[in-house]
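# Mind folding the following:
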Amino acid sequence: MVSIVYFRTLRKAADLVGGRKKLARHLRVPLAELESWMSGGQVPPIGVFLRAVDLVLDETHAPPDADSGDVSPPQDCASSASSMI
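Numbers count the residues shown, from 1 in each chain. Predicted coordinates:
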């Protein structure tokens with residue numbers, strides 16, 4: 001079974017651009033291939049999938065407090081692990 005992440009991403013991208021035909025045109029792929037990927041019959045090529053992800057990210061607004069600075073900066077796990085030894 002193909003991961004549902006492909007289906008959900010492609011479905012969201014299709015919703016954002018106005019349907020499967022428009023998404024196929026946007027991704028520059030045949031509609032039949034897009035339909036196959038969306039039905040779980042095949043996995044889309046990574047480049048096509050990433051273009052769909054970019055489309056979803058570009059069209060989806062960030063949460064209101066995403067830029068508030070409340071999130072801690074990433075930490076280097078390797079340096080903290082070595083200090084525990």
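# Now do the contacts for Tyr6.
Contacts for Tyr6 (Cβ atoms under 8 Å, 6 or more residues apart in numbering) come out as 37, 40, 43-44, 49. (Glycine included, C-beta is placed from N, CA and C.)
# Just give me the closest of those to Phe7.
Nearest to Phe7 out of these is Gly40 (Cβ to Cβ; 6.2 Å).
# circling back to that earlier point, in ChimeraX, how would I select the buried members of the contacts of Tyr6?
Buried residues among the contacts of Tyr6 (16 or more other Cβ atoms under 10 Å), as a ChimeraX selection:
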select :37,44,49
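# Point out the least confident member of the contacts of Tyr6, please.
Here the lowest pLDDT out of the contacts of Tyr6 sits on Gly40, with 83.
# Now the two most distant members of the contacts of Tyr6.
Greatest spatial distance in the contacts of Tyr6: Gly40 and Phe49, 13.6 Å, computed using Cβ to Cβ.
# what about the residue sitting nearest the centre point of the chain, helix or strand, and which?
Centroid-nearest residue in the chain: Val53, 3.1 Å away (criterion: Cα atoms, centre = their mean). In this assignment (DSSP states H and E), Val53 forms part of helix 46-59.
# Just the buried residues of that helix, please?
Within helix 46-59, the residues that count as buried by 16+ other Cβ under 10 Å are 48-49, 51-52, 55-56.
# mind giving me CSV with those residues and columns for distance to Lys22?
Converted to CSV, the buried residues of helix 46-59 look like this (distance: Cβ to Cβ, whole Å):
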residue, distance to Lys22
Val48, 15
Phe49, 17
Arg51, 14
Ala52, 12
Leu55, 11
Val56, 14
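# Pick the one among those residues closest to Gly18.
Using Cβ to Cβ, the buried residues of helix 46-59 come closest to Gly18 at Leu55, 11.8 Å.
# and that closest one, what does it touch?
Applying Cβ under 8 Å, 6+ apart, the residues near Leu55 are 13, 16-17, 26.
# sorry, back to before: and the residue nearest to the centre of the chain, what's its pLDDT?
Residue-level pLDDT assigned to Val53 equals 96.
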